[in-house]
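*Asks:* Need coordinates for the following:
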Amino acid sequence: MRHSPAYRLAATILHGFDEYRSRFKEITADASRRFRDAAWREAQQASAERIDLYDEKVQVTLARLKRTFADDLLVDFESWREARRHYADLISQRLDYELAETFFNSMFCSLFHHRHIRNDWMFVYSSRAFAAHHSGLQLCRRQAVGNDWEQALRWALAEAPFETPFEDLERDAALGGDFLRRQLPAAILDAPEAEMELIKSVFFRNKGAYLVGRIRGGGEQVPLVLPVLHEADQGLHLDTVIIEPDEVSIIFSFTRAYFQVKVVVPSEFVHYLQEVMPDKPQGELYSAIGFYKQGKTEFFRALNTQVAKREDRFVIAPGVRGMVMAVFVLPSFRTVFKIIKDRFDPTKEMSHENVREKYRLVKRHDRVGRMADTQEFSNFIARQDHFDPECLAHLLEVAPSTVYLRGDKVIIEHCYTERMMTPLNLYLEECDEAETRAVLKDYGNAIKQLAAANIFPGDMLLKNFGVTRHGRVIFYDYDEICYLTECNFRHIPEPMYPEQELADEPWYSVGPNDIFPEEFGPFLFADVRLRKLFYTLHPELFDADYWKGLQQAIRDGRVIDVYPYRNKQRFAADADNGLVY
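*Replies:* Residues are numbered from 1 along each chain as shown. Sure, this is the predicted structure:
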């Protein structure tokens, strides 16, 4: 049977998607072996490879389309309308249909440069108006507790599909059982039908493996995360037990690397995670398990829905205006939109491509819970009356090559989106004494943990950090970011005579990559009170030798993980194989 060109177009795109999914699954499946072998460098490389994979396969498929089909067919909207219909039929029984739709969208947008975004020709909305029928596959394993929490923990750990035995399973079961008896709500503890439920797949990330699920009983439920660690030449051990919703949310934060986890039915997997973490947007959960392009699709659909409500308008983001980026927000949507300005302030010596490369670096790098994930959009379109006039005037003034009007539409050719946070400088203006101390301590921890991951923020001013709803300090301004190992940390030389110290210019030579930590205090804090407190909390940050020590550890190949829970929660509180927040 001879198929139409539009059918063959759909089939070729689906073939490209299958190639992507096959390699994605291979990389993900090997996470178990990397964890078994404590191959942490390899795990980092695999994470970056999997992120790069999507765009690579889009480009391969795009080249295949251009070789196979005539140019006039590829730009014919009626052909795409028919191809969309055939494609929807081809994927109708697939378990990953929504990912396949997003891949189709990527192909359309690549050919049409992110223009002509209409549901007639691509999947602006899903081809399935309602949720797909349940696959019938069992996502979770379950165990009745019977008031024996040690036995429940023993089952949870022993039945998990690890390739390495636990060092002391009885010890870990006892520690976990004792924790649950002390921390669980009475309604669950006393419930005769109490049940532990865990997703069968293990969530691997960096140097940790996580068992994820929930505990139910007495009409209540709590989330459950069991972090498991593996040190080289030793068995596994349970590091802690997490049941607080906010702490579980942090483990799945937009500031962390994507999990490597086997996902058979993505929509059902995400639906379950949302039952465990109801405050998490669906898009963030897709991203958290590695489907960041699907996360972008869900974000875009949710944004369209929110804008249509007309509850508010886009306004200039609160805080100090940036020297490189223009930033605006839709307050009701907890998201910031960032546009690269046409001209930077004189102190910023970089190009547009330099800035975009910094954002690509962050996307591929381990964000260690301290850098916000971003989504990149081209040809973002909104109605003019969706913008506050002052905001729109500002964007048109500072980025006229990127932002312009077409009739009653605002066209933004390129922008980034990030989760909205309170700028640290504004947060400090409203703090009491205890909150100030806590947030400054976390600010220093954020800088240290970024450094441990081979990231130097460059511009460490308070305005470039934000505070999340959980009170965590996150870096979000990437235009001066670099690898820590590229920096040259120096002590300020002693002046040879008093006049040198009083001169306007330094008495010593300064290279382009030279950094003098002793100067951080006045640079970061105009408020002397805050400066003194920060120095008390983090004196090592002002010592060049501290930074040089971190550089040497990185050059020696040491992979320092940043675990997404507090040190005091760990069962081995003196463990030193990673940094915790």
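
*Asks:* Could you grab the helix/strand/coil label for residue 550?
*Replies:* Look at residue 550: counting by DSSP: H, G, I helix; E, B strand; the rest coil, its state is helix.

*Asks:* brain fart, residue 147
*Replies:* Here residue 147 takes the coil state, with states given by three-state DSSP.

*Asks:* Pull the number of nearby residues for residue 530.
*Replies:* Residues lying near residue 530 (other C-beta atoms under 10 Å) number 18. Just so you know, the C-beta spots here come from the backbone N, C-alpha and C atoms, and that holds for glycine as well.

*Asks:* So in this structure, where's the weakest helix or strand by average pLDDT?
*Replies:* strand 578-580 (a mean of 51; mean pLDDT, DSSP states H and E).

*Asks:* Please verify my assumption that residue 121 contacts residue 78.
*Replies:* No: applying C-beta atoms under 8 Å, one finds residue 121 not in contact with residue 78, separated by 9.1 Å.

*Asks:* I would like the residues contacting stretch 367-375, please.
*Replies:* Residues outside stretch 367-375 that contact it (C-beta atoms under 8 Å, 6 or more residues apart in numbering): 250, 253-257, 287, 292, 295-296, 299, 338, 359, 362-363, 365, 416-419, 421, 446, 449-450, 452-453, 455, 466, 472-476, 478, 562, 564, 581.

*Asks:* can you give me how far that stretch is from the chain middle?
*Replies:* Taking C-alpha atoms, centre = their mean, to the nearest Å, the mean C-alpha location of stretch 367-375 is offset from the chain mean by 5 Å.

*Asks:* Which of residue 121 and residue 78 has more residues huddled nearby?
*Replies:* Neighbour totals were compared for residue 121 and residue 78, and residue 121 leads with 20 against 11 (other C-beta under 10 Å).

*Asks:* helix, strand or coil for that one?
*Replies:* Secondary structure, three-state DSSP: residue 121 is coil.

*Asks:* Which stretches in the stretch 151-300 of the chain count as helices?
*Replies:* For the stretch 151-300 of the chain, the helices defined by DSSP state H, counting those that start in this stretch occupy 169-183, 186-189, 245-251, 266-276, 282-288, 292-309.

*Asks:* Out of the ones you listed, which is the most enclosed?
*Replies:* Mean neighbour count (mean count of other C-beta atoms under 10 Å) peaks for helix 282-288 among the helices of the stretch 151-300 of the chain, with a mean of 24.

*Asks:* Which strands or helices does that one pack on?
*Replies:* Secondary-structure packing of helix 282-288 (3 or more C-beta pairs under 8 Å, 6 or more residues apart in numbering; DSSP states H and E): helix 266-276, helix 292-309.

*Asks:* between the first one and helix 292-309, how many degrees?
*Replies:* For helix 266-276 against helix 292-309, the angle between stretch directions is 60 degrees (axes from the mean of the first three to the mean of the last three C-alpha atoms, to 10 degrees).

*Asks:* Packing partners of helix 266-276?
*Replies:* Looks like helix 266-276 contacts helix 97-112, strand 208-217, helix 282-288 (3+ C-beta pairs under 8 Å, 6+ apart).

*Asks:* what about the protein, any weak spots by pLDDT?
*Replies:* 1, 129-133, 495-508, 573-581 (pLDDT under 70).

*Asks:* Got the domain ranges for it?
*Replies:* 5-112, 140-305, 310-420, 424-580 (automatic domain parsing).

*Asks:* Compare these and give me the one nearest residue 134.
*Replies:* Each of those has some distance to residue 134 by C-beta to C-beta; the shortest is domain 140-305, at 7.1 Å.

*Asks:* Report the separation between the two terminal residues of that closest one.
*Replies:* One end of domain 140-305 to the other measures 32 Å (C-alpha to C-alpha, to the nearest Å).

*Asks:* cool, and stretch 518-527?
*Replies:* Stretch 518-527 has an end-to-end distance of 17 Å (C-alpha to C-alpha).

*Asks:* same thing with stretch 343-352?
*Replies:* End-to-end distance for stretch 343-352, by C-alpha to C-alpha: 9 Å.

*Asks:* and residue 332, which of the helices of the stretch 151-300 of the chain is closest to it?
*Replies:* Going by C-beta to C-beta, the one of the helices of the stretch 151-300 of the chain nearest residue 332 is helix 292-309, 6.2 Å.

*Asks:* Please work out which residues outside that closest one touch it.
*Replies:* 51, 54, 98-99, 101-103, 105-106, 124-125, 258, 266, 281-287, 330, 332-333, 335, 373, 375, 377, 382, 386, 417.

*Asks:* That one: what's the following helix or strand?
*Replies:* strand 315-316 (DSSP states H and E).

*Asks:* which other helices and strands contact that following strand?
*Replies:* Here strand 315-316 touches strand 325-330, helix 389-398, going by 3+ C-beta pairs under 8 Å, 6+ apart.

*Asks:* List the strands paired with it, with their directions.
*Replies:* The pairing partners recorded for strand 315-316 under DSSP bridges are strand 325-330 (antiparallel).

*Asks:* re the thing from before, buried subset of the contacts of helix 292-309?
*Replies:* The neighbour-count criterion (16 or more other C-beta atoms under 10 Å) marks 51, 54, 98-99, 101-103, 105-106, 258, 266, 281-287, 330, 333, 335, 373, 375, 377, 382, 386, 417 among the contacts of helix 292-309 as buried.

*Asks:* Could you tell me which other helices and strands whichever helix in the chain runs longest packs against?
*Replies:* Assignment by DSSP state H gives helix 40-68 as the longest helix of the chain. Here helix 40-68 touches helix 5-29, helix 31-36, helix 97-112, helix 292-309, helix 352-364, going by 3+ C-beta pairs under 8 Å, 6+ apart.

*Asks:* rerun at 6 Å
*Replies:* In terms of contacts (3 or more C-beta pairs under 6 Å, 6 or more residues apart in numbering; DSSP states H and E), helix 40-68 is packed against helix 5-29, helix 97-112.

*Asks:* Tell me which of those is the most buried.
*Replies:* Greatest average neighbour count among the helices and strands packed on helix 40-68 goes to helix 97-112 (a mean of 22), per mean count of other C-beta under 10 Å.

*Asks:* Go ahead and name everything in contact with that one.
*Replies:* Applying C-beta atoms under 6 Å, 6 or more residues apart in numbering, the set of residues contacting helix 97-112 from outside is 13, 17, 58, 62, 74, 87, 91, 122-123, 267, 293-294, 297.

*Asks:* Using JSON lines, lay out those residues together with distance to residue 525.
*Replies:* Below are the contacts of helix 97-112 laid out as JSON lines (distance: C-beta to C-beta, whole Å):
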{"residue": "13", "distance to residue 525": "54"}
{"residue": "17", "distance to residue 525": "51"}
{"residue": "58", "distance to residue 525": "45"}
{"residue": "62", "distance to residue 525": "50"}
{"residue": "74", "distance to residue 525": "57"}
{"residue": "87", "distance to residue 525": "56"}
{"residue": "91", "distance to residue 525": "55"}
{"residue": "122", "distance to residue 525": "50"}
{"residue": "123", "distance to residue 525": "50"}
{"residue": "267", "distance to residue 525": "48"}
{"residue": "293", "distance to residue 525": "40"}
{"residue": "294", "distance to residue 525": "42"}
{"residue": "297", "distance to residue 525": "42"}
